[in-house]
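Participant: kindly generate the corresponding structure for this input.
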Amino acid sequence: MTSPLHNRIARRLACALESAPCVAWKPLKVETGIDVLLSRPPESIVRRPDVVIYTCLDVPGRSPDASETVGVVEVSTPGTMTDDLTSKLIQYSTAGIPLYLVILLDEKHEIEEVREFHLDAVVRSYRLHRLHRTELELEAPFLVTIPFGSLTAP
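Facilitator: A predicted model of the protein is given here:
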């Protein structure tokens, strides 16, 4: 079960990314609460990350699959941290999603840190690119600096 703060962080992050300059080679969309198809039948795997960054789709209303997804974000509580840093990390990297951000919340639901993972496409595995301790500073696919306080403020 997600808390209002969890949803606020995801929503505010999505809004901040949408309004930031995009440095990707094609237009991107940012959404919360949508499914991403990670693999096709017979072992269809669908996940619903807290935030999804994806290329603009030709068919309105269709959710992106992994090949159209540029990045995913999970807002991770102490109860979901293991899943977010193990099985989801493996599934997203195996699916080939280039960017994975994990926003780690502590017991008080304050942002402890954000872990920024980049895909090593050769081995289809994530490498920790950067730990963000007070603000999220991205160079791609959006050029943006987001102080943690702006995501959690009442």
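Participant: and the gap between Ser3 and Ser63?
Facilitator: According to CB to CB, to the nearest Å, Ser3 and Ser63 sit 24 Å apart. Every residue, glycine included, has its C-beta placed from N, CA and C.
Participant: Val72 pairs with what?
Facilitator: Val52, Tyr100 (DSSP bridges).
Participant: residues near it, how many?
Facilitator: 27 (other CB atoms under 10 Å).
Participant: residues in contact with it?
Facilitator: By CB atoms under 8 Å, 6 or more residues apart in numbering, the contact list for Val72 reads 36, 47, 49, 51-53, 92, 97, 99-101.
Participant: so which bits of stretch 18-38 are buried?
Facilitator: 20, 22, 28-30, 32, 36-38 (16 or more other CB atoms under 10 Å).
Participant: what's the answer for stretch 94-106, then?
Facilitator: For stretch 94-106, by 16+ other CB under 10 Å, it's 95, 97-105.
Participant: what of stretch 141-154?
Facilitator: Applying 16+ other CB under 10 Å to stretch 141-154 flags 141-142, 144, 146, 148, 151 as buried.
Participant: point out where this structure drops to low pLDDT.
Facilitator: 1 (pLDDT under 70).
Participant: most centrally placed residue in it?
Facilitator: Val73 (1.6 Å; CA atoms, centre = their mean).
Participant: report the longest helix in this structure, please.
Facilitator: Counting residues, the longest helix in the chain under DSSP state H turns out to be helix 4-19.
Participant: pull the distance from that one to the chain's centre.
Facilitator: 11 Å (CA atoms, centre = their mean, to the nearest Å).
Participant: neighbouring contacts of it?
Facilitator: With CB under 8 Å, 6+ apart as the test, helix 4-19 has contacts from 30-32, 50-51, 53, 73, 75, 77, 103, 105, 109, 111, 136, 142, 144, 146, 150-152.
Participant: so the helix or strand where Glu31 lies versus helix 4-19, what angle?
Facilitator: Using DSSP states H and E, Glu31 sits in strand 28-32. For strand 28-32 against helix 4-19, the angle by axes from the mean of the first three to the mean of the last three CA atoms, to 10 degrees is 170 degrees.
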